[in-house]
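In: sharing a sequence plus its predicted fold:
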Amino acid sequence: YYGDEVGLTGADDPDDRRTYPWDDLGGMPDYSMRDHYRGLIAARKMVPALRSGDFRMLLADDDKEVIAIGRKTGSQAAITLVNRSTSAQTVSVPLGGYIHDNAHFSSIFAVGNSIGQAFTVSSGMLQIALAPESGVLLATGAEDFVPPDPPTGLKVAKEASQEVDLSWQPSATAAGYNVYSSPVSGGGFTKANSALITGTTFNVTGLNDAQTYYFIVKAVDSVGNESDASNEVSGIPHLTIGWANLQWPPTMTHTISASTPTDFAYGQVYIDGQTNKPGATPGLQAQLGFGPAGSKPAGNTAWTWVSATFNTDTGNNDEFKASMLPSAVGTFDYAYRYSTTNGRDWLYADLNGPEGSGDAPLPNPGKLTVIASGDTTPPAVPNNLRVTGASLSSIDLAWDAVTGDPTLYGYEVLRGDSSAGPYAVIGSTTNTTFSDTNVVANGKYYYVVRAVDQSFNRSNNSNMVVGEAKQRKVTLSFVATVPASTDGTGRAVHIAGFLDRLDGGYPQWDPTGGTMTRVDATHWMITFTGNEGTNIEYKYVLGDWNYVEKDAACGEIGNRLLTLSYGSTGTQTVNDTVLNWRNVAPCGN
């Protein structure tokens, strides 16, 4: 904005920025500030990195109130540091992977600090002392900052307890490599090697078993420039299971019930050097599952799995226990599975022992027979299923509760792709509401609900409703109560704000954009449509910002805030009161 360079000021609207203070016309420009700007302009012209370099946030220290920003080209680097604190600060700016060691900087512009000081990057850090409330601009001369090509083909070669082996393809211009690990994907990486790696393999050690780690590799050239990251890979250090089984019992008979599970089934597992220790083995998971007789357990949605708990130490083995809650009568297989990779990989086991990955029916699973209870009467059908909300990511449902049935357990929600079905169960609940979050934006779905009692008797389906995964339209009406003096101004009432977020192509914050309709001397209204959940800010105005609404004391008011709500009918009415207008009595004339 004009006048910044001489400290030109302004005030509240409409006194946003005053005329330039020409000194030959009696003005008093701040020449010291102008000289400060001239110095910055000269530095920018002198240092190409300040014009065309990248932009890197290097340090933001809240405690010391110091910030450091870097810019770099292939042949030059610059760093700006600012100390907002009233105390002198000595700071270490981390430059590892960005500026190589032995790069030389000098201070070429400063406020409160000295110009001409020299600094050298060492061990990935640059140390500098900053005076209170000061700033300094550092720059290098011509140096080699061109990084080598990044490595390619990074992969996990092996996983073992507390370690992961990596390998990658070499970079032609690399003198060595750095390996970085992180507990999250895409960031938070820390260097895993203490010395530069000269080969194309590395063993990362000291990791926690059963935790996923993410890895990247960067090439380093002979000068010390570090490349961009390779592809990212993940690995899970883990223990190796030596043996496992379904221990007991070989068969079960169970009367169907929604609240009473089967007896416990037990499984045991052995890991060399681990399960012989007292207590549960860290990182070892066990699950008990059941499914259709003669079917494979792995990747089979007809199998139900529940987490087992550590039961006891048995010899050199860990023993687990769990129970099942089948929801249908019939005959089922059951078995255990075990994981030391947090569920990424499972070892399936039956009464014979370990059976591999579970991609085929188990040769000797446990046999579960589920018989009917004495109650075969289904509960009543739920009524008044309805869609209560919708968005691009979810559809919300509600229905009336089934009352007067002491055996009622809960409800199952079913969904289909057409009104005629078929419908599949997508969830169960003991409440009378459900949110379907497994939807595709703009998808259309058909829902029914049925009641379930303690014996897993199921009612017929409720009424069918259609839900669409998109924002619903809301009819939004504003009714403004205005001062009795409004008609005397000869001006119409308007609403201005983020009206562009509503339907109709309205402008944003235009004092003439939303023209309201006069109802009577003190009431004006306007109606819009918009998407459910839309947030807007707005104010009332008489067609010009010189006549914007004011509070009771003729002071400024904040923007009014509103979120469009569908409610039960898709209509929303907002009743507002305007207390005064700017430039209209009593707030001027």
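Out: Sure thing, it's come through.
In: from now on I want contacts and neighbour counts done on CA atoms only, so please keep to that.
Out: OK.
In: Gly504: neighbour count?
Out: Gly504 has 11 neighbours, counted by other CA atoms under 10 Å.
In: also Ile41?
Out: Close neighbours of Ile41, defined as other CA under 10 Å, add up to 11.
In: tell me the buried residues in the helix or strand where it lies?
Out: Ile41 is located in helix 31-46, with elements delineated by DSSP states H and E. Neighbour counts over helix 31-46 (16 or more other CA atoms under 10 Å) mark 34, 36, 40, 43 as buried.
In: ok, now stretch 390-406?
Out: By neighbour count on 16+ other CA under 10 Å, the buried set for stretch 390-406 is 390-399, 401-402.
In: restricted to strands, list these.
Out: In strands, defined here by DSSP state E, the members of those are 390, 395-399.
In: need those residues in CSV with pLDDT, can you?
Out: Converted to CSV, those look like this (pLDDT from 0 to 100):
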residue, pLDDT
Ala390, 88
Ile395, 95
Asp396, 95
Leu397, 97
Ala398, 97
Trp399, 98
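In: returning to that earlier point: what's the most distant pair in the buried residues of stretch 390-406?
Out: Using CA to CA, those reach their maximum pairwise distance at Leu392 and Val402, which is 30.4 Å.
In: contacting residues for the closest residue in space to Lys473 that isn't next to it in sequence?
Out: The shortest distance from Lys473 to any non-neighbouring residue, by CA to CA, 6 or more residues apart in numbering, is to Asn531 (4.7 Å). Asn531 is in contact with 471-474, 502, 564, counting by CA atoms under 8 Å, 6 or more residues apart in numbering.
In: and if you look at Tyr180?
Out: 189-193, 215-217.
In: mind doing that once more with 6 Å?
Out: By CA atoms under 6 Å, 6 or more residues apart in numbering, Tyr180 lies in contact with 189-192, 215-216.
In: how many residues are close by Asn245?
Out: 25.
In: verify the stated contact: it with Tyr348.
Out: No: the pair Asn245 / Tyr348 is not scored as a contact, 8.1 Å apart, by CA atoms under 6 Å.
In: now the common contact residues for these two.
Out: By CA under 6 Å, 6+ apart, the residues touching both Asn245 and Tyr348 are Pro354.
In: out of the ones in strands among the buried residues of stretch 390-406, which one sits closest to Ile495?
Out: Distance to Ile495 across these (CA to CA) is lowest for Ala390, with 28.2 Å.
In: list the beta-bridge partners for the closest one.
Out: Ile395 (DSSP bridges).
In: do you know how far it is from Ala441?
Out: Computed as CA to CA, to the nearest Å, the Ala390 to Ala441 distance reads 10 Å.
In: now do the shared contacts for the two.
Out: Residues touching both Ala390 and Ala441 (CA under 6 Å, 6+ apart) are Ala469.
In: so who does Ser373 touch?
Out: If you count contacts by CA under 6 Å, 6+ apart, Ser373 has them with Thr255.
In: scratch that, Glu226 is what I was asking about
Out: The neighbours of Glu226, taking CA under 6 Å, 6+ apart as the test, are 97, 147, 219-220.
In: Ser357 now?
Out: Neighbouring residues of Ser357 by CA under 6 Å, 6+ apart: 347-348.
In: I'd like the numbering to begin with 382 instead of 1 from here.
Out: Happy to do that; since the first residue is 382 now, the last one works out to Ser738.
In: what stretches of the chain score poorly on pLDDT?
Out: 394-395 (pLDDT under 70).
In: please enumerate the helices of it.
Out: Using DSSP state H, the helices of the chain run over 412-427, 430-433.
In: among those, which is nearest Val955?
Out: Nearest of those to Val955, taken as CA to CA: helix 412-427 at 50.1 Å.
In: quick one: distance of that closest one to the chain centre.
Out: Remark: helix 412-427 is offset 42 Å from the chain centroid, using CA atoms, centre = their mean, to the nearest Å.
In: re the thing from before, could the ones in strands among the buried residues of stretch 771-787 be laid out in CSV, adding distance to Ala458?
Out: What follows is those, written out as CSV (distance: CA to CA, whole Å):
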residue, distance to Ala458
Ala771, 52
Ile776, 53
Asp777, 55
Leu778, 58
Ala779, 61
Trp780, 65
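In: ok, these vs Pro678, which is closest?
Out: Closest approach to Pro678 among these (CA to CA): Ile776, at 31.8 Å.
In: what sits up against stretch 585-603?
Out: Stretch 585-603 has contacts (CA under 6 Å, 6+ apart) with 529, 531, 543-545, 555-564, 566, 607-608, 610-611, 613-619, 664, 721-723.
In: start to end distance for it?
Out: 24 Å.
In: of all the residues in that stretch, which ones are buried?
Out: 585, 588-602.
In: quick one: which of the contacts of Asn912 sit in strands?
Out: 854-855.
In: out of the contacts of Asn912, which one sits closest to Thr898?
Out: When the contacts of Asn912 are ranked by distance to Thr898 (CA to CA), Leu883 comes first, at 18.2 Å.
In: which residues does the nearest residue to the closest one once chain neighbours are set aside contact?
Out: Excluding its sequence neighbours, the residue lying closest to Leu883 (CA to CA, 6+ apart) is Gly911, at 4.6 Å. Gly911 is in contact with 854-855, 883-884, counting by CA under 6 Å, 6+ apart.
In: mind listing the residues bridging to Gly911?
Out: Beta-bridge pairing of Gly911 under DSSP bridges involves Val855.
In: state the distance from it to Ile752.
Out: In this view, Gly911 and Ile752 are 55 Å apart by CA to CA.
In: does Gly670 touch Thr685 like I think?
Out: Yes: Gly670 lies in contact with Thr685 (CA under 6 Å); the separation is 5.3 Å.
In: and these two? Which one has more around it.
Out: For Gly670 versus Thr685, the count of surrounding residues by other CA under 10 Å is larger for Gly670: 21 against 17.
In: dump the residue contacts of the more buried one.
Out: For Gly670, the contact set (CA under 6 Å, 6+ apart) comprises 685-686, 715-716.
In: in TSV: those residues, plus distance to Thr461.
Out: Compiled in TSV, the contacts of Gly670 are given as follows (distance: CA to CA, whole Å):
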residue	distance to Thr461
Thr685	59
Trp686	57
Tyr715	66
Ala716	64
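In: which of those lies closest to Leu519?
Out: For those, the residue nearest Leu519 by CA to CA is Trp686; the value is 61.2 Å.
In: for the residue nearest to the closest one when sequence neighbours are not counted, list each beta-bridge partner.
Out: Closest residue in space to Trp686, ignoring its immediate chain neighbours: Gly670 at 4.1 Å, by CA to CA, 6+ apart. On the basis of DSSP bridges, Gly670 is bridged to Trp686, Ala716.
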